[in-house]
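Asker: need coordinates for the following:
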Amino acid sequence: MNSHEATIALNMLPKIGPIRVRRLIERLGSAEVILKSSESQLTKTNGIGPETARLICQWEQHIDLNKELEEAKARGISIITQEDSDYPESLRHMYDPPLALYVWGELIDSDKHAISIVGSRRTTHYGQQAALGFSRALARSGLSIISGLARGIDSFAHRGALDAKGRTIAVIGSGLAQLYPPENFKLAEEIANGNGAVISEFPLQHRPDKKTFPMRNRIVAAWSSGVLVVECPKWSGSMITANLGIEMGKSVYAVPGPIDRATSAGCNQLIRDGASLVSCANDILEDLESLPLNLELEVQPAASPLKEIDATEQCVLDTLSKEETLIDHIVSDSQLPVAVVMSTLLKLEMKRLIRQLPGARYVLR
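Answerer: From the prediction side, this is the model:
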């Protein structure tokens with residue numbers, strides 16, 4: 001057994017964790033020596049009690065290292081540790097860096113230039129479009145998009161990067177053989193197939209639970225130069241990620257939302273607490289360029305003018321926003337005949353200035 005394999009074995013053991021392993025390595029020298037040490041030798045390390053020492057000494061009774069390595073190889077998954085050159089540099093400086101990272105896909109050097117985009121699993125159209133828009137623009141500028149592959153904002157963040165033909169990294173709260181949520185498997189496959197990587201610090205068959213997601217969040221926060229929160233309530237995993245980012249000295253950005261919507265309460269609270277309010281990708285890119293990050297980013301040009309529209313079309317446009325608007329309200333606010341409103345909405349859709357939603361609702365693109 002070499003040091004790389006010994007580190008993977010320690011990572012597979014329950015209730016050990018990176019902090020205890022770091023202390024053991026500092027005392028004993030290497031992961032290989034740890035697995036060969038006696039209980040009495042192990043318990044001399046701070047934080048290692050008899051139960052933990054016994055678990056380490058009996059490690060072969062608890063895990064099947066060879067089976068894990070073979071399964072990873074069969075699935076096309078690489079496992080990297082801090083000894084490997086492609087281990088993300090930003091994670092090395094964490095208080096509790098992952099012992100091992102299971103990588104489905106490929107990590108490249110430019111992934112060190114990254115922004116995390118997180119938000120609620122329960123989204124509005126406003127949040128979805130914001131996540132897509134920010135992600136597309138930031139990915140086009142050369143930043144890798146880091147998120148958690150969760151339902152909602154995370155999924156739209158990954159999708160935006162893929163739409164822009166950029167890079168995206170999905171950090172999940174389960175083993176890669178127990179990918180969660182399962183409906184995002186195709187999205188994960190698309191990411192891993194040449195567009196980034198799906199990452200986990202957990203053994204392949206590790207199922208998600210209440211502890212794994214906060215652990216995942218610390219990686220999402222640590223990987224990037226900043227954390228963008230698009231839409232979330234006051235109490236959510238996204239707020240945990242943002243607060244972890246603050247503790248790590250990262251820049252935290254938040255997209256403001258309606259003051260009467262619980263889905264935006266978290267973002268609005270972050271802004272009150274000092275997060276940077278952002279309304280477009282340029283706000284973030286300009287801020288990152290002012291930081292000593294040695295980033296070579298191209299700030300996106302301002303949006304092109306709207307396509308030529310007539311007075312009636314402008315009248316209808318004035319009744320719309322990024323919030324969903326019922327057709328009845330459009331007719332009432334524009335004071336135009338229903339037939340005129342309907343034909344005008346169709347023209348605006350063809351010009352790709354608005355979008356129709358189910359239930360005769362419309363929003364600006």
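Asker: CA atoms for contacts and neighbours, from now on please.
Answerer: Fine.
Asker: with Arg207 as the reference, measure out to Leu10.
Answerer: 18 Å (C-alpha to C-alpha, to the nearest Å).
Asker: in terms of neighbours, single out the busier of those two.
Answerer: Leu10 (23 against 16; other C-alpha atoms under 10 Å).
Asker: and the host helix or strand of the more buried one, which residues are buried?
Answerer: Element membership for Leu10, per DSSP states H and E: helix 3-12. Buried residues in helix 3-12, counted by 16 or more other C-alpha atoms under 10 Å: His4, Glu5, Ala6, Thr7, Ile8, Ala9, Leu10, Asn11, Met12.
Asker: low-confidence ranges in the stretch 201-350 of the chain?
Answerer: By pLDDT under 70, the weakly predicted segments of the stretch 201-350 of the chain are 290-307, 350.
Asker: how does it look with 90?
Answerer: 210, 234-237, 257-263, 279-280, 286-311, 313-314, 321-324, 327-328, 338-350 (pLDDT under 90).
Asker: and if you look at the stretch 51-200 of the chain?
Answerer: In the stretch 51-200 of the chain (pLDDT under 90), the answer is 93.
Asker: at 50 instead, please
Answerer: Along the stretch 51-200 of the chain, segments meeting pLDDT under 50 are nowhere present.
Asker: residue nearest the centroid of the chain?
Answerer: Ser147 (1.0 Å; C-alpha atoms, centre = their mean).
Asker: next up, phi/psi of Leu204, please.
Answerer: Phi and psi for Leu204, reported as degrees, to the nearest 10, are phi -50, psi -40.
Asker: thinking again about what came up before, identify all contacting residues around the helix holding Leu10.
Answerer: Identification of contacts with helix 3-12 by C-alpha atoms under 8 Å, 6 or more residues apart in numbering yields 16-18, 21, 30-32, 35, 56, 59, 63, 65, 81, 83, 99-100, 202-203.
Asker: tell me which of the residues you listed fall in strands.
Answerer: Counting by DSSP state E, these place Thr81, Ala100 in strands.
Asker: tell me the secondary structure for Ile115?
Answerer: Following DSSP: H, G, I helix; E, B strand; the rest coil, Ile115 is assigned to strand.
Asker: can you give me the strands in the stretch 101-250 of the chain?
Answerer: Along the stretch 101-250 of the chain, the segments classed as strands by DSSP state E, counting those that start in this stretch run 114-118, 144-147, 168-171, 196-200, 226-229.
Asker: now those as a markdown table including distance to Ala360?
Answerer: Listed next are those as a markdown table, based on distance: least, C-alpha to C-alpha, whole Å:
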| stretch | distance to Ala360 |
| --- | --- |
| strand 114-118 | 30 |
| strand 144-147 | 33 |
| strand 168-171 | 34 |
| strand 196-200 | 38 |
| strand 226-229 | 30 |
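Asker: and the residue nearest to Val316 when sequence neighbours are not counted, how many neighbours does it have?
Answerer: The shortest distance from Val316 to any non-neighbouring residue, by C-alpha to C-alpha, 6 or more residues apart in numbering, is to Ser334 (6.0 Å). Residues near Ser334, counting by other C-alpha under 10 Å, number 17.
Asker: okay, helices next: where are they in the stretch 251-365 of the chain?
Answerer: Counting by DSSP state H, counting those that start in this stretch, the stretch 251-365 of the chain has helices at residues 265-272, 281-289, 311-317, 327-334, 338-350.
Asker: buried residues in the shortest one?
Answerer: Same thing as helix 311-317. Glu313, Cys315, Val316, Leu317.
Asker: contacts for that helix?
Answerer: Applying C-alpha under 8 Å, 6+ apart, the external contacts of helix 311-317 come out as Ile330, Ser334, Val341, Thr344, Leu345, Leu348, Leu364.
Asker: right, and out of those, which lies closest to Thr52?
Answerer: Within the contacts of helix 311-317, the smallest distance to Thr52 is 57.5 Å, found for Leu364 (C-alpha to C-alpha).
Asker: what sits against the residue nearest to that closest one when sequence neighbours are not counted?
Answerer: Excluding the flanking residues, the one nearest Leu364 by C-alpha to C-alpha, 6+ apart is Ile354, at 4.3 Å. Ile354 makes contacts with Leu345, Leu348, Tyr362, Val363, Leu364, Arg365, as judged by C-alpha under 8 Å, 6+ apart.
Asker: select only the buried ones of those residues in ChimeraX?
Answerer: To isolate in ChimeraX the members of those that are buried, counting by 16+ other C-alpha under 10 Å, one can use:
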select :345,348,362,363,364
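Asker: need the contacts of Ile354 in JSON lines with distance to Lys73, can you?
Answerer: Converted to JSON lines, these look like this (distance: C-alpha to C-alpha, whole Å):
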{"residue": "Leu345", "distance to Lys73": "54"}
{"residue": "Leu348", "distance to Lys73": "52"}
{"residue": "Tyr362", "distance to Lys73": "49"}
{"residue": "Val363", "distance to Lys73": "47"}
{"residue": "Leu364", "distance to Lys73": "47"}
{"residue": "Arg365", "distance to Lys73": "44"}
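Asker: ok, so of the contacts of Ile354, who is nearest Ala221?
Answerer: Using C-alpha to C-alpha, Arg365 is the member of the contacts of Ile354 that lies nearest Ala221, at 29.6 Å.
Asker: show me what contacts the closest one?
Answerer: Neighbour list for Arg365: Gln129, Lys322, Arg352, Leu353, Ile354, Arg355 [criterion: C-alpha under 8 Å, 6+ apart].
Asker: from Ala275, how far off is it?
Answerer: In terms of C-alpha to C-alpha, Arg365 sits 26 Å off from Ala275.
Asker: and Tyr253, by the same measure?
Answerer: 5 Å.
Asker: circling back to that earlier point, let me know the closest of the contacts of helix 311-317 to Asn268.
Answerer: Once C-alpha to C-alpha is applied, the member of the contacts of helix 311-317 that ends up nearest Asn268 is Leu364, at 22.1 Å.
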